[in-house]
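Colleague: pasting a predicted model and its sequence here:
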Amino acid sequence: MPYDRASSSEQATRSYYDTADVDAFYDAVWGGEDIHTGIYTHDQESIATASRRTVEQAADKVSGLLAADSTVLDLGSGYGGATRYLAERFGCRVVALNLSESQNERHRATNAERGLDALIEVVTGSFHDIPFPDRRFDVSGPRRRSATAATARVCSAKPYASSSRKGLSSSPI
């Protein structure tokens, strides 16, 4: 039986994110909301503030592509901070694809608490095998090199085509 690196990697990732210790860590450090990176304005700034700024700036870059009738695919959505930000800001539908069912449960509960469950669908799955039909989404992100072909298939726009402005992609979220 050949070694399937994607399946092994996905299982390791799923196992990692589904542990209570990791969940507690992400809750304590990132507030269980936003992404792992941040744009900092000063040395003493909190991770949560810098992470939220990253989400806001990424959303600004695709704001011309998003409206209430848009559908976004958020790959590796985690607890759903970026997903909720897009749904709240643009009123668009967002499908959040994420490997960790424990994160997805928390994501769904937070969406319901904030009244966003009608705009957000949380799906347990892998960005290596996106379980949606061709051209289902208007925008996808964040940019993941290993998912480029699968993402291109499900997006109506060219999800990773560079624009003439500062080399930004059409879906940096």
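Modeller: Alright, I've got the coordinates.

Colleague: what helices or strands is the longest helix seen in the chain leaning on?
Modeller: Taking DSSP state H as the assignment, the helix of the chain that covers the most residues is helix 47-62. Applying 3 or more Cβ pairs under 8 Å, 6 or more residues apart in numbering; DSSP states H and E, one finds that helix 47-62 makes contact with helix 20-30, helix 81-90, strand 139-141. All C-beta spots, glycine's among them, are computed from the backbone N, C-alpha and C.

Colleague: run the last query once more with 7 Å
Modeller: helix 20-30, helix 81-90 (3 or more Cβ pairs under 7 Å, 6 or more residues apart in numbering; DSSP states H and E).

Colleague: need the least confident one among those helices, by mean pLDDT.
Modeller: Within the helices and strands packed on helix 47-62, the stretch with the lowest mean pLDDT is helix 20-30, showing a mean of 83.

Colleague: need the CA coordinates for that one. PDB is fine.
Modeller: Presented in PDB, the C-alpha positions along helix 20-30 are these (Å, rounded to 0.1, in the frame of the first residue of the first chain):
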ATOM      1  CA  ALA A  20      -7.900  20.000  24.500                       C
ATOM      2  CA  ASP A  21      -4.400  21.400  25.200                       C
ATOM      3  CA  VAL A  22      -4.100  22.900  21.700                       C
ATOM      4  CA  ASP A  23      -7.700  24.300  21.900                       C
ATOM      5  CA  ALA A  24      -6.800  25.900  25.300                       C
ATOM      6  CA  PHE A  25      -3.600  27.400  23.800                       C
ATOM      7  CA  TYR A  26      -5.300  29.000  20.800                       C
ATOM      8  CA  ASP A  27      -8.100  30.300  23.000                       C
ATOM      9  CA  ALA A  28      -5.600  31.900  25.400                       C
ATOM     10  CA  VAL A  29      -3.100  33.200  22.800                       C
ATOM     11  CA  TRP A  30      -5.400  34.200  19.900                       C
END
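
Colleague: list the contacts of that helix.
Modeller: For helix 20-30, contacts defined as Cβ atoms under 7 Å, 6 or more residues apart in numbering pick out 16, 32, 47-48, 51, 102.

Colleague: where's the dip in pLDDT among those residues?
Modeller: Minimum pLDDT across those falls on residue 32, with 72.

Colleague: okay, now it: neighbour count?
Modeller: 20 (other Cβ atoms under 10 Å).
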